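> let's see this in three dimensions:
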Amino acid sequence: MKDTQRLTVAQTLLKFLDVQYVEMDGQEYKFVNGVYGVFGHGNVLGIGEALENMSGLSLTYYRGHNEQGMVHAAIAYAKQKNRLGILACTSSIGPGAMNMVTGAATATVNRIPVLLLPGDTYADRQPDPVLQQVEMPHNYTITANDAFRAVSRYWDRVERPEQLFAALLNAMRVLTDPVDTGAVTICLPQDVQGEAYDYPREFFKKRVHHIDRRPPAMPAIHRAVELIRKKKKPLLLAGGGVLYSQAGDALKVFAEAFTIPITVTQAGKGVLTWDHPLNMDGVGTTGGLAGNLLAKDADLLIAVGSRLMDFPTASKTAFQHPDVEVLSINVAAFDGVKMDALCVEADAKLALLELTRALQERGYTSAYTLADLQALKTQWNQEIDRVCSLESELGMPQTTAFGIVNEFVDENAIVVGASGSLPGDMNRLWRCKGVKTYNMEYGFSCMGYEVAGALGVKLAEPDKEVYALLSDGSFLMLHSEIVTSLQESKKINILVFDNGGFQCIKDLQMSQGSPAGFGNELRYRSATTGKLDGDYLSIDFAGIARSLGAQGYTARTPAELKDALKKAKENTVSTLIDIKVIPGTHSHGYESWWRVGVSSLSENEKVREAYTKHKAYLSEKARKW
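Purely as a prediction, here's the structure:
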């Protein structure tokens, strides 16, 4: 007779999660390190009861204040842990669960492992309908949680206790897979969570999931070597996969061996410090002058661990050399074949090491000289210094405030961002003083990620200062996890750039024909025009922080900002600095473009002109990869 233990589904779930480990390069890591949740009917008497009363669990419970926010925190945590550690997230049914859908999409787009455990309606359908149940007359098996199907890498619903075996094993398969990872959703009907079953004790043994590096096939290496040897001006693009593979040193060795400049995506930034001579930093729509000039002249793009989304490629217009080709090193073939690339399907670190060896044997070197690259880097650094020290009688420019923050933070501090105009400033202008100090969510560019993400990073790196950089619009979207940071005594620094609304979207409107922008700024409705073009709202963001129990300061001048930053660093509780900047003074594009939909018909002549220019640019610049 099998040795069993009678437990509820919720108790079994938590006991299983608590003994999951991953191993990479011979080092073990505890994989599930806590449960982040908001309780309600649907999970409080199932998972909530188990968390409260089970002995022997080492899982820490974190109380969320918005379900989307807690998923964002879990994403940032896993990202900072190089996907070697995660937090699970639990919610009630209905709106509580639905609030997590945006977070699920954010995780899946960014290839970040997150385990979501939404409560679900009764499996026995008694009572029926339960409070917050979505009823579909054409299909009664559909619940609100079916919305997760479109944004989860693995989705399951446990309607019987014994179904937990397959559900959890498949969940771990996806969560620990470098290729297939993303949001994993296991829907838990509230009655089933409390049902008991005799589970074999062997199900609770310690499991170590081995993340084995996938070596490149030698024929693929040979094809890559022959392609590189034909090219004189290759350009490296480092994506998030370089960090997750811990391939930063291998990338640096490869670049230095053959004098190949390095550019980065938002996910890959921070793989090198800013002052490395070959680090040209951002490229594409939010890229800088150095990266974009090199991209235009490159005859080969070597993309390492990148999804090749439209921003680093400037909507496929960044690379203008008539003979340019793409070599992609990626553990996922799905990403590796984008832009008609020659794909080396392999772990980034192993592939770079093998390519370095093979190219050195053949005596390859690029046509770049260190002197020429240094001159280009110097030119760009001078431009950064210029835009980060602008002065104005109207107040403090955003880029000036940004430069003050960058100069102040130390080499171990971590910055977090996601949306608005700031990701452009950060990709172009931020100088990473330390490796892995840049946590940007830009796959989904999800407003509201920043504050919660900063808390997730702080949970992952408790001994480091963490700074969330966000605008007023994103702060208003979601900032509730400030309270969680206070509950947990996990101090974060929140830098709100109050620029009067959605300035990057206003710029986008104006660049495509809108005379002054429409509906994007934080303005009163004008009695004269009937539109939202009156005076700017005056919002005391520092006061909001203080009302929650955090510290708050307002900075209108460079001197006030420097003083506030100093105080924030000395504080032991979460601190918000309300930075009042001149609207529209963020950085702008350097030799780049971004394709967006432009109306082909309009009563506005400027819009019609913009559409004509848009079509011409597409015809001239965009490649049909």
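> in the stretch 351-500 of the chain, which spans are helices?
370-387, 398-408, 422-429, 449-460, 472-477, 481-487 (DSSP state H, counting those that start in this stretch).
> if you could redo that for the stretch 51-200 of the chain, that was the one I meant.
Secondary structure of the stretch 51-200 of the chain (DSSP H, counting those that start in this stretch): helices at 67-80, 95-98, 101-109, 164-175, 190-193.
> could you dump these into JSON lines with distance to A88, mean neighbour count and mean pLDDT added?
Bear in mind the C-beta positions are built from the backbone N, C-alpha and C, glycine included. Shown next, in JSON lines, are the helices of the stretch 51-200 of the chain (distance: least, C-beta to C-beta, whole Å; neighbours: other C-beta atoms under 10 Å; pLDDT from 0 to 100):
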{"stretch": "helix 67-80", "distance to A88": "8", "mean neighbour count": "29", "mean pLDDT": "98"}
{"stretch": "helix 95-98", "distance to A88": "14", "mean neighbour count": "21", "mean pLDDT": "96"}
{"stretch": "helix 101-109", "distance to A88": "12", "mean neighbour count": "25", "mean pLDDT": "98"}
{"stretch": "helix 164-175", "distance to A88": "10", "mean neighbour count": "19", "mean pLDDT": "98"}
{"stretch": "helix 190-193", "distance to A88": "14", "mean neighbour count": "23", "mean pLDDT": "96"}
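> TSV for those, including distance to R157?
Converted to TSV, these look like this (distance: least, C-beta to C-beta, whole Å):
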stretch	distance to R157
helix 67-80	18
helix 95-98	12
helix 101-109	15
helix 164-175	8
helix 190-193	9
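> of all these, which one is nearest D156?
helix 164-175 (4.4 Å; C-beta to C-beta).
> could I have the CA atoms of the closest one written out in PDB?
Provided in PDB are the C-alpha atoms of helix 164-175 (Å, rounded to 0.1, in the frame of the first residue of the first chain):
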ATOM      1  CA  LEU A 164      -3.400  18.400  -9.600                       C
ATOM      2  CA  PHE A 165      -0.600  15.900 -10.400                       C
ATOM      3  CA  ALA A 166      -0.600  16.600 -14.100                       C
ATOM      4  CA  ALA A 167      -1.300  20.300 -13.700                       C
ATOM      5  CA  LEU A 168       1.600  21.000 -11.400                       C
ATOM      6  CA  LEU A 169       4.100  18.900 -13.300                       C
ATOM      7  CA  ASN A 170       3.200  20.700 -16.500                       C
ATOM      8  CA  ALA A 171       3.300  24.000 -14.700                       C
ATOM      9  CA  MET A 172       6.900  23.300 -13.600                       C
ATOM     10  CA  ARG A 173       7.800  22.100 -17.100                       C
ATOM     11  CA  VAL A 174       6.800  25.500 -18.600                       C
ATOM     12  CA  LEU A 175       8.000  27.700 -15.700                       C
END
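> right, so of the helices of the stretch 51-200 of the chain, which gets closest to I414?
Of all the helices of the stretch 51-200 of the chain, helix 67-80 sits nearest to I414, with 7.3 Å by C-beta to C-beta.
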